[in-house]
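1. Provided below are the primary sequence and the corresponding predicted coordinates.
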Amino acid sequence: MRLLRLCKVFFPLNLVLAALAAGIPLAAAGSRSPALPEFCPGDDSGLQLPPGFCATIFADNIGHARHLVVAPNGVVYVNTWSGSFYPPGEAAPEGGFLVALQDKRGRGKADVIERFGETAKTGGRGGTGIALYSGSIYAEINDRIVKYALPVGLVVPQGAAITVVSGLPLGGDHPMHPFFIDAQGMLYVDVATATNSCQLKNRTLQSPGAAPCTELETRGGIWRYDANKTDQKFSPAERYATGIRNVEGFGIDSKDHSVFITQHGRDQLHANWPDLYPLDQEATLPAEEVMLLKQGGDYGWPECYYDQFQQKLVLAPEYGGDGGHKVGVCASKVAPVAAFPAHWGPNGMVFYDQNRFPARYRDGVFIAFHGSWDRAPFPQGGYNVVFQPLVGDHSGGACEIFADGFAGPVKSPDKAVHRPSGVAVGPDGALFVADDITGRIYRITYKGGSGAEAKFTPCPSLTAPAGEIVRAEAKPPEGTHPDAGLRVAPGATQEMVALGDRIYHGEVGGATCTGCHGASAKGTPLGPDLTNGKWLWSDGSWKGIGKTITDGVPLPKQYRSTMPAMGGAQLTSDQVSALAAYVWALSQH
């Protein structure tokens, strides 16, 4: 039977990486531009950018592009994550998972595209992290960080990979390993958490947190190694910082060597704790974060989350929290430098210290927001590139929506056309953005123009309400609703199917099925298609589907994350039956 599940969008995956070569930051963020024909005759990106900025499609369809980095000679290197791991069951592109892109004619588009590194045939599944350091390309592949020597004058390496670190933990909710290398050659690797909030039963209704959270012995922090050494083995001894759920991006200020990191805030406060958090707080809490990386720092996961309404860390419900009032041990944890709307998914980040953009965009970070899934049934958010000003080691003010339009008409995991995942800055000051749906790479430049610095789009208020439920509750005339005419399973009723529709879309019961299966149930990289009649866990009958929803899927056959019982929501037996009737009807439509 097809696997019905509730899960976090990881990736999508995953984290943009800022790398340093010879002490120069090599990664940066991307964006898009409005129609300015007098300045941007070649803008074909479809993005919305501030006046004076232009974007070109530098490359397209290269695989699920995650992080990227730009060499001093302008060659762009991209790590892609594809094959049976992301998305499950999809064939990987021919050739290696690492891609080199070069614009030899200066037109803003890559005319040289070469693949290298491990392939699906050699057991590779791709990765997220990538960096340049000391004449080599460093990249994440499976459970390892490897390096390839890059001789001067060559676009791609010729020799075999050399293992730098191996044995990095895989599996669970966040299996990727973004990293950065500082000017002294220290390699900092994110080892993200295997669970949402270290519950005894992950993402399950009212399941308490493990005490102690033994997951923190090998997950949930930053590990540090020597990029100049080889054959290092992962172990708890190299932990550099702890209490970090999922770092996807690094931004390094080369002037004072401050290192900023992004964090994806936890999910499912309402879904797992409906007595403490109303439905709208599923969409508005907790904040996404940018944090200052400190050796030995404890950032609070899983005991704490950042409440942007109160502007402080508060105790999580799994550890005695009461819905946002108790602080407890969180008073001693490291608070973020800047906060952003809930569930936007900050992946790649890069510090912009070039001088080609207007002054307002210097001395701050560009962040690629992969986009939300856990805001349903309210509008999703993110799917953009944001600029966050910084002053020293703290925020320099409110953030700005720098580039938008990646997703297309609908911002949702299953309908977004493109989703920003990586950002990097080129030696000419251009900003590159990677998309991990179709593998598109954008190149953003500044052409100038009157009033260019005066017009910008501020980020939404951190205390803004969730918005209106995006699906109308009134029943439309027959034939106009996308689910009109759904069949009814023997023993079920049309009223049950209608209720199941509302449960599936998060309007009743706190379920967030759309996060993994999509609003149209056609599937996403995190959950299978529920409309094609293919079943993995039962005979596909109404009762069989209901049993799978009730029991969950602790050992999935094709997808890496488990589905907790009832998707971690609080559903009555009647609601389970209604949801099963709706899913059965979808498969017959």
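-> Received the coordinates, thanks.
2. Can you show me the helices along the protein?
-> Secondary structure of the chain (DSSP state H): helices at 269-272, 281-284, 494-504, 514-517, 542-551, 573-588.
3. E140: which of the ones you listed is closest?
-> When the helices of the chain are compared by C-beta to C-beta, helix 514-517 sits nearest E140, at 24.0 Å. Glycine gets a C-beta too; all of them are placed from N, C-alpha and C.
4. sorry, back to before: among the helices of the chain, which comes closest to E248?
-> Closest approach to E248 among the helices of the chain (C-beta to C-beta): helix 514-517, 17.5 Å.
5. Among the helices of the chain, show the one with the smallest mean pLDDT.
-> Out of the helices of the chain, helix 514-517 stands lowest, with a mean of 81 (criterion: mean pLDDT).
6. Residue ranges in this protein under the pLDDT threshold?
-> 1-41, 83-85, 450-454, 471-485, 560-561, 589 (pLDDT under 70).
7. For Q558, grab the count of nearby residues.
-> Applying other C-beta atoms under 10 Å, we find 11 residues neighbouring Q558.
8. Format the helices of the chain as JSON lines; extra columns: mean neighbour count and distance to V385.
-> Output for those, formatted as JSON lines (neighbours: other C-beta atoms under 10 Å; distance: least, C-beta to C-beta, whole Å):
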{"stretch": "helix 269-272", "mean neighbour count": "27", "distance to V385": "27"}
{"stretch": "helix 281-284", "mean neighbour count": "24", "distance to V385": "21"}
{"stretch": "helix 494-504", "mean neighbour count": "21", "distance to V385": "31"}
{"stretch": "helix 514-517", "mean neighbour count": "28", "distance to V385": "22"}
{"stretch": "helix 542-551", "mean neighbour count": "19", "distance to V385": "37"}
{"stretch": "helix 573-588", "mean neighbour count": "23", "distance to V385": "35"}
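9. Switch the ones you listed over to a markdown table; also include distance to I130.
-> What follows is the helices of the chain, written out as a markdown table (distance: least, C-beta to C-beta, whole Å):
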| stretch | distance to I130 |
| --- | --- |
| helix 269-272 | 34 |
| helix 281-284 | 33 |
| helix 494-504 | 38 |
| helix 514-517 | 27 |
| helix 542-551 | 39 |
| helix 573-588 | 39 |
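10. Out of those, flag the one nearest I137.
-> I137 lies closest to helix 514-517 among the helices of the chain, at 33.6 Å (C-beta to C-beta).
11. How far away from the center of its chain is the closest one?
-> Taking C-alpha atoms, centre = their mean, to the nearest Å, one finds helix 514-517 lying 14 Å from the centre of the chain it belongs to.
12. before we move on, what about stretch 521-535?
-> Relative to its chain's centre, stretch 521-535 lies at 20 Å (C-alpha atoms, centre = their mean).
13. Between the two ends of that stretch, what distance do you get?
-> Stretch 521-535 has an end-to-end distance of 14 Å (C-alpha to C-alpha, to the nearest Å).
14. circling back: which among the helices of the chain is found nearest to L101?
-> Set against L101 and scored by C-beta to C-beta, the helices of the chain come closest in helix 514-517, at 31.7 Å.
15. just to revisit the earlier point, so which of the helices of the chain is nearest L216?
-> Taking C-beta to C-beta, helix 269-272 is the member of these nearest to L216, at 19.9 Å.
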